[in-house]
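S.K.: how would this look folded up:
(2 chains)
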Amino acid sequence: MNIFDFVAQYWPRLLAGTGMTVAQFFLATLLGVTVALVMGLMKLSPNRLVRATAVTYIEIFRGTSLLVQLYWIFFVLPLFGVSIDKFTAGYVAVGMNIGAYGAELVRGGILSVPKGQWEAALAINMSPAQRMRRVILPQALVNMLPPWGNLMIELLKGTALVSLISVADLMFETKQINGSTFLSAQAFGAALVTYYILARFMVTPFMRWLEAYMARKMGRA
Amino acid sequence: MLDMSGFPLELSGENTPMVSFRKVRKSYGTLTVLDDLDLDINAGEMVSIIGPSGSGKTTVLRMLMTLEQINSGVIYVDGKPLTHMPKGGQLVPANERHLHSRRSDIGMCFQHFNLFPHMTALENCMEGPVQVLGLSKAEARDRSEELLELVGMIAKKDQHPSRLSGGQQQRVAIARALAMRPKVMLFDEVTSALDPEVIGEVTNVIRGLVSEHNLTMLMVTHQMGFARDISDRICFFYGGKIEEQGHPSELFGNPQRERTQQFLSAVREAV
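M.R.: This next block holds a predicted model:
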């Protein structure tokens, strides 16, 4: 069976799996960006305890395997009385993992904004929160967009791991089809191409568009 | 605990200076940048600070803007302590809240303009009035456009800083600071980063402020001719102290101290 016949026959399941992958990707992104922002800001806090909390978080989630984190959240947390369904466990694990990497980008982006911008914001008597929100973060965001593009692609590929806790994503469906048909080359070939298309023709163009949009807002374009 | 008994909780009386440095000391580790500085600036006065680099000129402005903390002494603005606040009948170091309430009297322009790059010229000017003073957008716009008109930048109000020359950016920065209606304006080497041919457009704006407004101004500059023209008083700083001060005609025409003479002759040779 060639790949076209294979896709023609199994496309409904592949499509359903792709839909699940996209859903996991969006939710994990949302969570990841939020976590990155919070942890990145906490790492710059003048308070030692707050800083230590962020450092601990980042060390744990960056220093250990995503797969092990996923298993912890899905299999171990219930032993402590915290039960999470597999769909939620999937994007939470991926999002929290990516958030740890993103925190460093947020921190670096904020530090890359020239000191003069803080001073100018202070000179018009803005509060610390206003300085961050109105002056520093918008500029930091522009500086950190290119590395975020990389991280988003990592995140997309990372979602394949959720298949291991039986979330019916693209990878899960592919393995199921392979298990019943033994058409390994066609099944995993189709998955490979689908992940590539998602990364190359959805994530990358969106990040490019965002970079161009932000450049326009900065009056650079 | 430092003995603060020599510092009054408030300055009052008819001739209360707009800005008063009282025994202000600033050091970084073992390096003393300002050494028991006493300096009074009267309301409406234009004072220029000159001196060799490392003499503490810029530090004076930065402390007044609360960008840097002082080690001892007190700074008063409009009779009220800036760096300290009264508590239990004594002055104690100011907290963020006190600084926030007192900082509104002061505006500052920087050597490198420091306009917000993600905002247009008009948005740069409106930011403070809207976010900090709580003005409506319409009020802030009116005020900002008036000031951009004053500095000759109204035609470029919708441009981002990246589209403006250094001189134009500095004029917008002046409008941005004025939009907060400060009582004291600080100019920190505002022409030092500019190309020679555009220095005039910035100095002309400052000249206009001197003649038409009753602002108290403190300027650090290397433009000796300009300082001489517009200042009521010149302070020559050397080694963290005021070595000599006086009316521009006296200080430039007949400097008394040897270091002042050396500095002025070195500056003249460079021109």
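
S.K.: near chain B, which residues of chain A?
M.R.: Residues of chain A lying close to chain B by Cβ under 8 Å from any Cβ of the partner chain are A:114, A:116-117, A:119-128, A:130, A:134-135, A:138-139, A:142, A:217-220. In short, each C-beta sits where N, CA and C put it, glycine included.

S.K.: go with 7 Å
M.R.: A:116-117, A:119-120, A:122-127, A:130, A:134-135, A:138-139, A:217-220 (Cβ under 7 Å from any Cβ of the partner chain).

S.K.: any of the residues you listed buried? List them.
M.R.: Among the residues of chain A next to chain B, those classed as buried by 16 or more other Cβ atoms under 10 Å in any protein chain shown are A:117, A:119-120, A:122-127, A:130, A:134-135, A:138-139, A:217-219.

S.K.: how about low-confidence regions in chain A?
M.R.: Filtered on pLDDT under 70, chain A yields the residue ranges A:220-221.

S.K.: mind listing the helices in it by residue range?
M.R.: For chain A, the helices defined by DSSP state H cover A:3-43, A:48-63, A:66-71, A:86-111, A:115-123, A:128-130, A:137-158, A:170-181, A:184-198, A:204-217.

S.K.: most packed of these?
M.R.: Among these, helix A:86-111 has the highest mean neighbour count (mean count of other Cβ atoms under 10 Å in any protein chain shown), at a mean of 22.

S.K.: from the chain's centroid, how far away is it?
M.R.: Taking the mean of its C-alpha atoms, helix A:86-111 sits 6 Å from the chain's own mean (Cα atoms, centre = their mean, to the nearest Å).

S.K.: again with stretch A:187-197
M.R.: Averaging C-alpha positions (Cα atoms, centre = their mean) puts stretch A:187-197 20 Å from its chain's average.

S.K.: what comes into contact with that stretch?
M.R.: With contacts defined as Cβ atoms under 7 Å, 6 or more residues apart in numbering or on different chains, stretch A:187-197 is touched by A:I3, A:F6, A:V7, A:L14, A:T18, A:K157, A:L170, A:M171, A:T174, A:I177, A:N178.

S.K.: from these, which two are the most distant?
M.R.: The span of the contacts of stretch A:187-197, defined through Cβ to Cβ, is set by A:F6 and A:K157 at 22.3 Å.

S.K.: just want the residue of the stretch 101-250 of chain B that's nearest chain A.
M.R.: The stretch 101-250 of chain B approaches chain A most closely through B:H160 (2.2 Å), counting by Cβ to the nearest Cβ.

S.K.: where does that residue land on pLDDT?
M.R.: The per-residue pLDDT reported for B:H160 equals 94.

S.K.: quick check, it in contact with A:A215.
M.R.: No. Look at B:H160 against A:A215 with Cβ atoms under 7 Å: they stay out of range, at 10.6 Å.

S.K.: returning to that earlier point: list just the nearest of the contacts of stretch A:187-197 to B:P17.
M.R.: So of the contacts of stretch A:187-197, ranked by how close each gets to B:P17 (Cβ to Cβ), first place is A:K157, at 66.4 Å.

S.K.: next one: the closest one from A:I98, what distance?
M.R.: 11 Å (Cβ to Cβ, to the nearest Å).

S.K.: and if you look at A:N150?
M.R.: From A:N150 to A:I98 the distance is 11 Å (Cβ to Cβ).

S.K.: could you do A:W209 as well?
M.R.: 20 Å.

S.K.: ok, now A:P46?
M.R.: 27 Å.

S.K.: how about B:D3?
M.R.: Distance from B:D3 to A:I98, by Cβ to Cβ: 56 Å.
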